[in-house]
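>>> pasting the sequence and the predicted coordinates here, then a few questions.
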Amino acid sequence: MTEEKPISEKKTIKKKLIHNCIELFIWVILLCMCYGYLKTHPAEEVSFFSGYKVIYQQTEIFFQNFFGHNWDLLKQKYSLESYYQVMITQSEEKPCVDPKLVEELHETYTALQNEPKKTLENTLYYYIDKQYEFSEELKKDCPVEEINS
């Protein structure tokens, strides 16, 4: 039949269980604190989720190259999207930036994301020019000291 465990072994198991429960509770608290930090710092949140996006993008670029398509344009598009994300995050955090500029940045970024692969060759340079214009506008709105702080 079933053997009864000695009392000392039961106490040891109970102590381990209590210890593990306390440790689990502490880790959950730490995890919640990290999540709270990520939610209050947009740049950190972007970097947290960008890993999966980069893996997807690199896989797509590999297959575009494998099937003989112009993968360089796609690579430029993803790089430009990344730069737009950084500009948007920086412009939202700075009080000196005009809200209309932030809205226009969002609209251009969304249009770039939705741009079909077939039309990239014709439209990518438009987005590069817009990126340069936005960058210059941000420098004009905020002095260099404010942008770098």
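On my side now, so go ahead.
>>> burial of Lys16, as a residue count?
Using other CB atoms under 10 Å, Lys16 is surrounded by 10 other residues. (Glycine included, C-beta is placed from N, CA and C.)
>>> so how far is the helix or strand encompassing it off the chain centroid?
Here Lys16, judged by DSSP states H and E, is contained in helix 7-40. How far helix 7-40 lies from its chain's middle: 29 Å, per CA atoms, centre = their mean, to the nearest Å.
>>> buried residues, it. List them.
Leu38 (16 or more other CB atoms under 10 Å).
>>> domain parsing of this protein, as residue ranges.
1-40, 50-148 (automatic domain parsing).
>>> now the ones you listed in CSV, with mean pLDDT?
As requested, these are exported to CSV (pLDDT from 0 to 100):
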stretch, mean pLDDT
domain 1-40, 84
domain 50-148, 80
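>>> for these, which one ends up most surrounded?
For those, the largest average neighbour count (mean count of other CB atoms under 10 Å) is found in domain 50-148, namely a mean of 14.
>>> can you pull out the residues in contact with the helix or strand hosting Tyr127?
Here Tyr127, judged by DSSP H and E, is contained in helix 120-141. Contact partners of helix 120-141, identified using CB atoms under 8 Å, 6 or more residues apart in numbering, comprise 70, 73-74, 76-77, 80, 83-84, 87, 90-91, 94, 96-98, 101, 104-105, 108, 111-112, 115, 147.
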